[in-house]
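Engineer: heads up, no residue letters with this:
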């Protein structure tokens, strides 16, 4: 089992940057593929990015490709989401998630979730 805690959210102007972190405790994070998802009220949770257990493979949603980058540091049990050129439509609660097999774009495939961190982008 693993516990996940996100941090790094906040309020930023359009065009700005934020870096989200997801710290894992319990079983080491290298045992899990990791994903970032986001959700706004009244909408389904949306895939943002995912990374394989060793970080050798990444996947990004088309809506964030070229602006966001997922990475991980297994020595620190931490996964990151670097978000650049932020847009108001990126405003959401961002969640990290862990899965004991391969990375996936589907939220229902993930076994563990953090509590989320709010990202608000003002225009």
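Structural biologist: On my side now, so go ahead. Keep in mind that what you see is a predicted model, and the values were worked out from it rather than measured. Numbering: from 1, shown residues only.

Engineer: C-alpha only now, for contacts and for neighbours.
Structural biologist: Noted.

Engineer: Enumerate the positions of stretch 59-66 that are buried.
Structural biologist: Within stretch 59-66, the residues that qualify as buried by neighbour count (16 or more other Cα atoms under 10 Å) are 59, 60, 64.

Engineer: Next: stretch 40-55.
Structural biologist: Under the neighbour-count rule (16+ other Cα under 10 Å), stretch 40-55 has 45, 46, 47, 48, 49, 50, 51, 52, 53, 55 buried.

Engineer: any idea how far residue 105 is from the second one?
Structural biologist: As for residue 46, its distance to residue 105 is 9 Å (criterion: Cα to Cα, to the nearest Å).

Engineer: same check, this time on the fifth one
Structural biologist: For residue 49, the distance to residue 105 equals 8 Å [Cα to Cα].

Engineer: What of residue 18?
Structural biologist: From residue 18 over to residue 105 (counting by Cα to Cα), the distance is 22 Å.

Engineer: sorry, back to before: among the buried residues of stretch 40-55, which lie within strands?
Structural biologist: Those of these mapping onto strands are 46, 47, 48, 49, 50, 51, per DSSP state E.

Engineer: what would the residues you listed look like in JSON lines with pLDDT?
Structural biologist: Formatted as JSON lines, the entries for these read as follows, by pLDDT from 0 to 100:
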{"residue": "46", "pLDDT": "98"}
{"residue": "47", "pLDDT": "98"}
{"residue": "48", "pLDDT": "98"}
{"residue": "49", "pLDDT": "98"}
{"residue": "50", "pLDDT": "98"}
{"residue": "51", "pLDDT": "97"}
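
Engineer: so where do the strands sit in this protein?
Structural biologist: In the chain, the strands defined using DSSP E lie at 2-7, 10-13, 18-26, 33-39, 46-51, 58-60, 68-73, 78-83, 92-99, 112-113, 117-122.

Engineer: Tell me the gap between the second one and the middle of its chain.
Structural biologist: I take that to be strand 10-13. A distance of 17 Å separates the C-alpha centroid of strand 10-13 from that of its chain, computed with Cα atoms, centre = their mean, to the nearest Å.

Engineer: Good, we can wrap up now.
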